[in-house]
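> next input, structure requested:
(one chain, ligands or ions: 3)
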Amino acid sequence: MAISSLLPRLLRRSSSPNLQQLRLLAAGDPSRSFTTCEGFRPTIVHKRSLDILHDPWFNKGTSFSITERDRLDLRGLLPPNVMTPQQQIERFMLDLKRLQVYTRDGRSDTNALAKWRILNRLHDRNETMYYKVLIENIGEYAPIVYTPTVGLVCQNYSGLYRRPRGMYFSAADRGEMMSMVYNWPADQVDMIVVTDGSRILGLGDLGVQGIGISIGKLDLYVAAAGINPQRVLPVMIDVGTNNEKLLCDPLYLGLQEHRLDGEDYISVIDEFMEAVFTRWPNVIVQFEDFQSKWAFKLLQRYRNTYRMFNDDVQGTAGVAIAGLLGAVRAQGRPMIDFPKQKIVVAGAGSAGIGVLNAARKTMARMLGNNESAFESARSQFWVVDAMGLVTEGRANIDPEALPFARKLKESERHGLHEGSSLAEVVKKVKPDVLLGLSAVGGLFSKEVLEAFKESSCTRPAIFAMSNPTKNAECTPEEAFSIVGEHIVFASGSPFHDVNLGNGKYGHCNQGNNMYLFPGIGLGTLLAGAREISDGMLQAAAECLAGYMKDEEVLNGIIYPSISSIRDITKEVAAAVVREAVAEDLAEGYRDMDPRELQKLTQEETLAYVKRNMWDPVYPTLVYKNE
Ligand SMILES: NC(=O)c1ccc[n+]([C@@H]2O[C@H](COP(=O)([O-])OP(=O)(O)OC[C@H]3O[C@@H](n4cnc5c(N)ncnc54)[C@H](O)[C@@H]3O)[C@@H](O)[C@H]2O)c1
Ligand SMILES: O=C(O)C[C@H](O)C(=O)O
Ligand SMILES: [Mg+2]
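Ligands and ions are numbered 1, 2, ... in the order given. The predicted structure is shown next:
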């Protein structure tokens, strides 16, 4: 069928800004073509009939038009009434919302898992519609497909598993990965999120079940960054598990052997990296939820060779920096006062150390960016881990934590010693900020929060950043009621604002790396950056910090609301593109070459990013025999 005969139907359906282009085309303007607009370029498919209905990439369900039903041999395979995409969503939402009513009195966990199941089934049959539901209701469903429910999903993955999603590489596949990558059907992959399942959120080693976190992160890549869902690939590298329960669970889906370690482990990850970059040289790989023992080593090993980053180390650091700068502004002070903040960090793992390094560098830059500035910034931090206050007196200290170990004399001057408890440290240091990345739920106990009440700061800030919800170091209710209404509060998983009982609400910010990783990935992709530099990550963090207006920050709102995640992601991506260009790392993307990228103004960069974000719109399908 000629394309021009499809146009009237398309034009009726569309409210896109590219309508004018299509009208010109319909009127026979030969200088215009479909190829300028992804959403309207017909998609060539090599399958028909039930094969189309069973393919979530192409399926439109009841939305297939009559002409498409004819063209694709679908007549008689669908109920006769053609639905608009909006009607389809209304029908789906009715079902989803019905569940909410019926299970209102049930345990909220069960409710959330049931919602995840319904959404996942939609994803299995119609990806476009799934992402439309997610994007239009991101505030409601991010907590289902992402933190916190994704944690529960990973814990129960054996039972929830229906259709495979993503790829699995196991220790048993050594020597085969280079050919295995060709089993994936897409010739282009833009974004991979890979985990080895060794530290899923604050839930520990979940082995192969950790694939859920790669899937959840990529859902946000599509919803927030507009990465085309046909070009994302969740990956699980199964090198065994040290979770004894899983090792003897007869229904466990992964390798039932202890984790590989040392050179054996590295050789598996090396082989995986080589394989995916051989097939998709421009792919970006996000490392997610690797135990800290490997997170830093792998980051150092690959970051100058491949387009990769570690979200827990680098994404979290940027989000924390933006929040910490917001907390300074919330005190009515300029950001440049950040180096005066005293910060107690509970947790010195991949996330905690990532935040500490970035915060120290940010302070040093503000103090003159020299060695003495870097040295003096160190004294602003007090780090407490599972063994208490970290000092130079600790035997076998973790090399990553060593730069933040307090000198023994200095500690004694504050009445502290190696291993002092968190409550003691907070009592003696009277910090401006208490930041938790410990994975220990309730760590900011009544005693710790009472001690924090004595903070010398006019507006102290609490970041209870551990995930999922039950691992948060404290709840916002506890924080506002014990420390006071004047605090700034952020948590890694979403909580509701707190009714303070006097007509006022205590705002609960969500301090989660979801505000950065989608923009870091998208910006890197659209710049065609060779690697992901510290400068690009810094630009992303600064963009997030600057996103909030003064009046919001003064009201304790230091992070955007999840409903604006697509907008903030676009801004972050543009900042990353510009920094990549400035650092001469950009090699261009598709028909945008590096010289053209260089010429773009800030506004034009934003428009370039927006133009390249995928929207969940059904393309017209045209069948072609292979
Ligand atoms: N909000 C976010 O965006 C975000 C990002 C990354 C990680 N996280 C969360 O941070 C947590 C930690 O992640 P990680 O990768 O650093 O884990 P990790 O296992 O590498 O590190 C945990 C750290 O906490 C310390 N710790 C344990 N018990 C403690 C105690 N009682 N007091 C003080 N410290 C204690 C450990 O010694 C270790 O240093 C997880 O819950 C994860 O979900 C949140
Ligand atoms: O996954 C999240 O919600 C944030 C972070 O990456 C984490 O590991 O907790
Ligand atoms: Mg993570």
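
> what is the burial count for G323?
The local packing of G323 (other CB atoms under 10 Å) involves 28 other residues. Backbone N, C-alpha and C define where each C-beta goes, glycine included.

> correct me, but it touches Y559?
Yes - counting by CB atoms under 8 Å, G323 touches Y559, with 6.3 Å between them.

> what sits in contact with each of those two?
A490, N509, G511 (CB atoms under 8 Å, 6 or more residues apart in numbering).

> ramachandran angles for the second one?
I take that to be N509. Reported as degrees, to the nearest 10, the phi and psi values for N509 are phi -80, psi 150.

> E603 versus that one, what's the distance?
The gap separating N509 from E603 is 29 Å, by CB to CB, to the nearest Å.

> so these two - more neighbours on which side?
A side-by-side neighbour count of N509 and E603, using other CB under 10 Å, places N509 first with 25 against 9.

> the more buried one pairs with what?
Residues in a beta bridge with N509, per DSSP bridges, are A490.

> that one and L324 touch, don't they?
No - contact criterion CB under 8 Å: N509 and L324 do not qualify, at 12.0 Å.

> ligand 2 contacts on the protein?
Contact residues, the chain versus ligand 2 (CB under 6 Å from any ligand atom): T147, L201, D289, D311, D312, N467, G492, N512, N513.

> let's go with 8 Å and repeat that
Contact residues (CB under 8 Å from any ligand atom) of the chain with ligand 2: 146-148, 150, 199-202, 213, 216-217, 288-289, 311-312, 315-316, 351, 465-468, 492-493, 512-514, 517.

> give the buried subset of those residues as a PyMOL selection command.
Buried subset of those, written as a PyMOL selection, criterion 16 or more other CB atoms under 10 Å:
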select buried, resi 146+147+148+150+199+200+201+202+213+216+217+288+289+311+312+315+316+351+465+466+467+468+492+493+512+513+514+517
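
> how near is K297 to F277?
Note on K297: its distance to F277, by CB to CB, is 19 Å.

> next: P85.
On the measure of CB to CB, P85 and F277 end up 37 Å apart.

> list the contacts for the residue in the stretch 151-300 of the chain positioned nearest to ligand 2?
Across the stretch 151-300 of the chain, no residue is closer to ligand 2 than L201, which sits at 4.5 Å (CB to the nearest ligand atom). Going by CB under 8 Å, 6+ apart, L201 touches T147, P148, V150, G151, C154, I213, D289, A439, N467, P468, N471.

> pretty sure the last one is touching G441, no?
Yes - counting by CB under 8 Å, G441 is a contact partner of N471 at 4.5 Å.

> identify the contacts common to those two.
Any residue near both N471 and G441 by CB under 8 Å, 6+ apart counts here, and that gives G202.

> okay, the two: which has more neighbours?
Neighbour totals were compared for N471 and G441, and N471 leads with 23 against 18 (other CB under 10 Å).

> name the nearest residue to the more buried one, ignoring sequence neighbours.
Among residues not flanking N471 along the chain, G202 sits closest, at 3.5 Å (CB to CB, 6 or more residues apart in numbering).

> and that neighbour, that one's in a helix?
No - read with DSSP: H, G, I helix; E, B strand; the rest coil, G202 is coil and lies in no helix.

> for Y130, see how far away R413 is.
Distance, R413 to Y130, by CB to CB: 58 Å.

> what about those two, which has more around it?
Y130 (25 against 11).

> what distance do you get for that one to Y168?
Per CB to CB, Y130 is found 22 Å from Y168.

> same question, T147
From T147 across to Y168, the span is 23 Å (CB to CB).

> before we move on, what about V617?
Applying CB to CB, the value for V617 to Y168 is 31 Å.

> ok, I192 - contacts?
Contacts of I192 by CB under 8 Å, 6+ apart are V232, L233, P234, V235, V276, V283, I284, V285, Q286.

> ignore the last one, F517
The contact partners of F517, taken as CB under 8 Å, 6+ apart, are K217, L220, Y221, Q286, D311, G315.

> enumerate the residues of the stretch 1-150 of the chain near ligand 1.
Selection of the stretch 1-150 of the chain residues close to ligand 1 by CB under 8 Å from any ligand atom yields T147.

> which residue does this structure have closest to ligand 2?
Nearest to ligand 2, among the residues of the chain, is T147, at 3.2 Å (CB to the nearest ligand atom).

> report the central residue of the chain.
M514 (3.7 Å; CA atoms, centre = their mean).

> I figured it hits R566, correct?
No - using CB under 8 Å as the test, M514 is too far from R566 to be in contact (11.7 Å).

> could you pull out the residues contacting both of these two?
Joint contacts of M514 and R566 (CB under 8 Å, 6+ apart) are A224.

> so what's the closest residue to ligand 1 within the stretch 51-200 of the chain up against?
Distances between the stretch 51-200 of the chain and ligand 1 by CB to the nearest ligand atom are smallest at R199, namely 5.3 Å. For R199, the contact set (CB under 8 Å, 6+ apart) comprises D205, D289, F290, Q291, S292, G349, S350.

> pull up the per-residue confidence for it.
We have a pLDDT of 98 for R199.

> looks to me like it is in a helix.
No - secondary structure of R199 (three-state DSSP): coil, not part of a helix.

> quick check: residues of this protein near ligand 3?
Residues of the chain lying near ligand 3 by CB under 5 Å from the ion: D289, D312.

> smallest gap between the chain and ligand 1, at which residue?
G349 (1.8 Å).

> contacts only, for the residue lying closest to that residue once chain neighbours are set aside.
Of all residues not flanking G349 in the chain, S292 sits nearest, at 4.2 Å (CB to CB, 6+ apart). By CB under 8 Å, 6+ apart, the contact set of S292 is R199, G349, S350, I353, E400.
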